[in-house]
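S.K.: no FASTA, just this:
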């Protein structure tokens, strides 16, 4: 689906490039000394090394608290699946970066989809789903869900602001990240159900 959308945007729907270029130009005009460092921070939040580091810390804490390996690796499954789809899509589509003044050195991948946005979305949406499922304290649950929901949006806006991507690159990356987080979460639910069923059958057998 991601590849199909990319080929549409760069093929039959390439006319939208002109509209997206205007959006990129608008972000260029919004740049100022106050927003530049803020955008740099949130752009770095989506960097591969930061996403992997935060994911591994989260996995370690989750396993330490629950001793449930499959539950703990849900974020890792989500970002790994997202990375596979991203790499395949970026090679298949090969979209050029927007005609904006870049504020960062662009990675050697194509513009579509946004790797920073997709990775951060997969990570934080998976953590959001886990928080909604397991955190019992309402105030803490709402806080974690709110932070996890906002961070990917800020990463996407930062990438647009810094001239790294078209808006469709960011939107599709978010959709991809959400889908990967949901798949990882439902993988855990399916394995949990299978384990519970197996235990019930074993108990009946004995």
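M.R.: The structure has been received and is ready for your questions. Keep in mind that this is a model prediction, so the values were computed, not measured.

S.K.: make it CA atoms for all contacts and neighbour counts henceforth
M.R.: Noted.

S.K.: Spatially central, which residue of the chain would that be?
M.R.: residue 121 (2.3 Å; C-alpha atoms, centre = their mean).

S.K.: Average pLDDT for stretch 106-121, rounded please.
M.R.: Mean pLDDT, computed over stretch 106-121, is 85.

S.K.: That stretch spans what distance, first to last residue?
M.R.: 20 Å (C-alpha to C-alpha, to the nearest Å).

S.K.: Can you give me the buried ones in that stretch?
M.R.: By neighbour count on 16 or more other C-alpha atoms under 10 Å, the buried set for stretch 106-121 is 109-121.

S.K.: re the thing from before, any idea which helix or strand carries the residue nearest to the centre of the chain?
M.R.: In this assignment (DSSP states H and E), residue 121 forms part of helix 115-134.

S.K.: next SSE after that helix?
M.R.: Following helix 115-134 in sequence order, the next helix or strand is helix 138-161 (DSSP H and E).

S.K.: I would like the residues contacting that following helix, please.
M.R.: Identification of contacts with helix 138-161 by C-alpha atoms under 8 Å, 6 or more residues apart in numbering yields 24, 27-28, 30-31, 39-40, 42-43, 45-46, 116-117, 120-121, 124-125, 127-129, 131-132, 135, 165-167, 170, 174.

S.K.: Same question for stretch 77-97.
M.R.: Under the criterion C-alpha under 8 Å, 6+ apart, residues 2-3, 6-7, 10, 109-113, 115, 118-119, 122-123, 126, 164-166, 176-177, 180-184 lie in contact with stretch 77-97.

S.K.: try 6 Å
M.R.: With C-alpha atoms under 6 Å, 6 or more residues apart in numbering as the test, stretch 77-97 has contacts from 3, 6-7, 110-112, 119, 122-123, 165, 180-181, 184.
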